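Peer 1: just coords:
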């Protein structure tokens, strides 16, 4: 009798478990958004977008190329040009007709037409290990180095080079007012342009709060005259959890955006109201691009990326319709191809 009872009890338990249906849904605190992926592969060091949002330009660092992307209904590669060696930074002139490329491995700057990626000119420069460049105006570039202590300006009409009393770092230019902002490893400096030389402004930002930092991305927003810096600390015991912003007029602190890890990239809408940032660390659900309200500094949206993110790998079109991010999809790397390690693709998210 006991044996039969145990058998019946076991059958009841099995049937009961098989009939149980878990109707509970996980709590989701973000909206799923439409996105497209353009498979590219490569390690990208910088990206720029045309004024109409129809073209994106990528610096393919390991493959020594500049890649032009058509952002129509279906994203596709519109062309590329092999330059060599290690294109590290890009910038477009005021009408987006030409693009300047800093070649880190050759100590050279190359100027391309954006329409067809044809080379207009190339200039050997005195700086080693070129880090960043920016158009001061349509004829002059400011260029920084990872190792040389100061920057240079380069006239792309006559190839003349002038050493400037500007500390190296990440560059952001206010072309309307001839003002240069430089994010160094310790603070943000402001410089004024007189047509030939830069002079340091008396306003300097406060130190970041740690002795030495690495700047991942640095941008200027013209509409609210504010600079945004993504920084990580070089000190092992210091954890950076914010993206920092400063007022461009006097370099006072404008606020910080809590992302709980160092920021890799930042993009700001044309009106300055929406701030998008790519954090280093992943959430339990994945890696998100986080949108903040610029006025309140509070989170307003999350956008799930298709993979890990990278420095400077975030850009927004001028109409605030699409967000473009460079993503390294886990398991997508080909370990047998050394130049394809950390192969990034382009993800487009509809806002």
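Peer 2: Received it, and whenever you're ready, just let me know what you need. Source: prediction; values computed, not measured. Residues are numbered from 1 along each chain as shown.

Peer 1: okay, CA-based contacts and neighbour counts for the rest of this
Peer 2: Will do.

Peer 1: got the domain boundaries for this structure?
Peer 2: By the assignment in automatic domain parsing, the chain contains the domains 47-204, 212-332+340-351.

Peer 1: End to end on the last one, go ahead and measure it.
Peer 2: By Cα to Cα, to the nearest Å, the extent of domain 212-332+340-351 from end to end equals 36 Å.

Peer 1: again, but for the first one
Peer 2: Start and end residues of domain 47-204 are separated by 28 Å (Cα to Cα).

Peer 1: show me where pLDDT drops low in the stretch 201-350 of the chain?
Peer 2: 331-342 (pLDDT under 70).

Peer 1: can you pull out the helices in the stretch 101-250 of the chain?
Peer 2: Taking DSSP state H, counting those that start in this stretch to define them, one finds no helices in the stretch 101-250 of the chain.

Peer 1: quick one: contacts for the closest residue to residue 84 other than its chain neighbours?
Peer 2: Counting by Cα to Cα, 6 or more residues apart in numbering, the nearest residue to residue 84 once its immediate chain neighbours are dropped is residue 64, at 4.5 Å. Going by Cα atoms under 8 Å, 6 or more residues apart in numbering, residue 64 touches 82-87.

Peer 1: so how many other residues sit close to the closest residue to residue 126 other than its chain neighbours?
Peer 2: Nearest residue to residue 126, sequence neighbours excluded (Cα to Cα, 6+ apart): residue 107, at 6.9 Å. Neighbour count of residue 107, defined by other Cα atoms under 10 Å: 18.

Peer 1: repeat for the one 10 residues further on
Peer 2: Neighbour count of residue 117, defined by other Cα under 10 Å: 20.

Peer 1: Am I right that it is in contact with residue 83?
Peer 2: No. Counting by Cα atoms under 8 Å, residue 83 is not a contact partner of residue 117; they are 10.7 Å apart.

Peer 1: What are the boundaries of the strands in the stretch 251-351 of the chain?
Peer 2: Taking DSSP state E, counting those that start in this stretch, the strands of the stretch 251-351 of the chain run over residues 253-258, 263-268, 274-279, 288-293, 299-304, 314-316, 322-327, 345-350.

Peer 1: Please identify the most buried of the ones you listed.
Peer 2: Per residue and on average, the most neighbours among these fall to strand 263-268, with a mean of 27 (mean count of other Cα atoms under 10 Å).

Peer 1: Determine how far that strand lies from the middle of the whole chain.
Peer 2: 5 Å (Cα atoms, centre = their mean, to the nearest Å).

Peer 1: and that strand, which strands flank it?
Peer 2: When pairs are called by DSSP bridges, strand 263-268 turns out to pair with strand 274-279 (antiparallel).

Peer 1: Contacts made by the strand it pairs with with the rest, please.
Peer 2: Outside strand 274-279, the residues that touch it by Cα under 8 Å, 6+ apart are 243, 259-269, 287-294, 309, 314.

Peer 1: Please apply the same query to stretch 122-134.
Peer 2: 88-91, 100, 102-111, 141-148, 151-152, 159, 161, 169-173.

Peer 1: Now do the end-to-end distance for it.
Peer 2: End-to-end distance of stretch 122-134 (Cα to Cα): 16 Å.

Peer 1: Columns distance to residue 39 on top of the domains of the chain, output as a markdown table?
Peer 2: Shown next, in a markdown table, are the domains of the chain (distance: least, Cα to Cα, whole Å):
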| stretch | distance to residue 39 |
| --- | --- |
| domain 47-204 | 9 |
| domain 212-332+340-351 | 5 |
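
Peer 1: To residue 41, which of those domains lies closest?
Peer 2: Closest to residue 41 of these is domain 212-332+340-351 (Cα to Cα; 4.2 Å).

Peer 1: The closest one: how far from the chain's middle?
Peer 2: 7 Å.

Peer 1: Residue 124: neighbour count?
Peer 2: 13.

Peer 1: Against residue 82, how distant is it?
Peer 2: 17 Å.

Peer 1: and what of residue 52?
Peer 2: Distance, residue 52 to residue 82, by Cα to Cα: 25 Å.

Peer 1: Settle it for me: which of these two has more neighbours?
Peer 2: Neighbour count, other Cα under 10 Å: between residue 52 and residue 82, residue 82 has more, with 13 against 10.

Peer 1: For the more buried one, report the pLDDT, please.
Peer 2: Predicted confidence (pLDDT) for residue 82: 96.

Peer 1: Quick check, it in contact with residue 61.
Peer 2: No. Residue 82 is beyond contact range of residue 61, at 10.5 Å (criterion: Cα under 8 Å).
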